[in-house]
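[1] quick one: sequence plus predicted model below, questions after.
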Amino acid sequence: MAKKILIAIDDSENAQRAAAFVAQTFTPDSRITLFSVVPDTATICEMDSPELTPYFVTQQSSFCTIEAKKRELMENALTHAKNDLLAAGFAAEALKIKMEAKKKGIAQDIAAEAQAGYDVVVLGRRGISGIKEFFLGSISQKVINAVKDVSVVFVN
C-alpha cells in the first residue's frame, strides 16, 4: 500500500541514511517529500540599518557568503537523497523537495509539516550524548513529542 512519507533532510550523514532506509524499506509507489528546514539568518544579509554595528557592516558580506554556502549544502543533500530514491525505483513524480526557512524551530516546523497528511515521518538520529540530550533535547525527541497521529521512524 502506498504511503505518504516525510523525510527530514539536513546536510548530515544521518539524514542520508534516513533516505536510504526509505529506499530500502518502502515500496516505490509511496509518495515522498524530502523536507528541509533552513535557519533563517539570511535576512541579516538584506539589512541596511543604522543599528548594525560598524564591525558587522564590514563583515556582512562574509556572513552572507556563509549563508549562501549553507543553503547550497542543503540543496545538495536534498538532491543526493532524491537521486538515491530515484535509483531505488521511486518515480520522479512521486518525489517532492521542499525547503523552508525556519518559522518556529526546526523540530516544530518538521512536526507542523508532518501534520499535513503524512503517514510516516523518517528522521536520522544524530546521537548526541545522554547528558547533552537531557539538557538540550534532540530534534528527534522534540518531533516525536510534537507529532500526533503520524508514525515516526528514527534511523541510526
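    Received the coordinates, thanks.
[2] give me the element the residue nearest the centre of the chain is part of.
    Nearest to the mean C-alpha position of the chain, by CA atoms, centre = their mean, lies residue 36 at 2.9 Å. Assigned by DSSP states H and E, residue 36 falls within strand 31-38.
[3] now do that strand: everything it contacts.
    2-10, 19, 22, 26, 70-71, 74, 77-78, 81-82, 85, 90, 94-102, 106, 109-110, 113, 118 (CB atoms under 8 Å, 6 or more residues apart in numbering). Placement of C-beta: from N, CA and C, glycine included.
[4] where along this protein do the helices fall?
    With helices called from DSSP state H, the chain shows them at 13-25, 54-87, 106-114, 130-136, 139-146.
[5] one step back: which of the contacts of strand 31-38 are buried?
    The neighbour count (16 or more other CB atoms under 10 Å) marks 5-10, 19, 22, 26, 74, 77-78, 81-82, 85, 90, 94-95, 106, 109-110, 113, 118 as buried among the contacts of strand 31-38.
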